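In: Sequence and predicted structure are below.
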Amino acid sequence: MDKAIHDDNKDWFLGTLNNIVNNNTITIGITIFSHGFIISGHLAGGKEYFDATAGEFSALLNNSGKVENSFIELANRIYESDSDNVKNGPLSTDYIHIKNAKFINSSTNDVLPNDTVWWRGRISEVSGFSIGVINGDSD
């Protein structure tokens, strides 16, 4: 069996969904459970994550786009390369990216933060998930 499909530390179906969003310009409404938190938002590609957060980091550091350009270059190397050993390699398949993420403490039902944010996490740390976004949002 293909190791990408049979890795005991990762859910193969979540990995498949992650590959779909990494290779297309779509998002998928998703709610995951990880380390006592429920994270709900839209599963998005890694390139979209790096492109979106590049400007935020650059503005935060007030460095006239140097960090932004570095992030974009990194995303292009990982997610747009024609080389099979880079595209969809470990760097692009081990992590998932959720935009418009809301965090819910599973023991108190508190929602954190009030505003939505990007979330990046390791697929092997997700203990469960469902398709769809909590609070009635649709994809």
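Out: Done, it's in.
In: Okay, now the unreliable bits of the protein?
Out: 1-8, 63-64, 80-92, 113-114, 136-139 (pLDDT under 70).
In: so where do the helices sit in it?
Out: All helices of the chain, identified by DSSP state H, fall at 12-23, 46-61, 66-79, 90-93.
In: and the closest residue to residue 117 other than its chain neighbours, what is it in contact with?
Out: With Cβ to Cβ, 6 or more residues apart in numbering as the criterion, residue 117 has its nearest non-adjacent residue at 5.5 Å, and that residue is residue 101. Bear in mind the C-beta positions are built from the backbone N, C-alpha and C, glycine included. Contacts for residue 101 (Cβ atoms under 8 Å, 6 or more residues apart in numbering) come out as 39-41, 116-119.
In: Quick check: the gap between residue 44 and residue 131.
Out: The gap separating residue 44 from residue 131 is 14 Å, by Cβ to Cβ, to the nearest Å.
In: again, but for residue 35
Out: Noted for residue 35: a distance of 21 Å to residue 131, by Cβ to Cβ.
In: again with residue 74
Out: As judged by Cβ to Cβ, residue 74 and residue 131 stand 29 Å apart.
In: Look at these two and report which has more neighbours.
Out: Between residue 74 and residue 131, counted using other Cβ atoms under 10 Å, the more crowded position is residue 74 (15 against 12).
In: who are the neighbours in contact with that one?
Out: Residue 74 sits next to residue 50 when contact means Cβ under 8 Å, 6+ apart.
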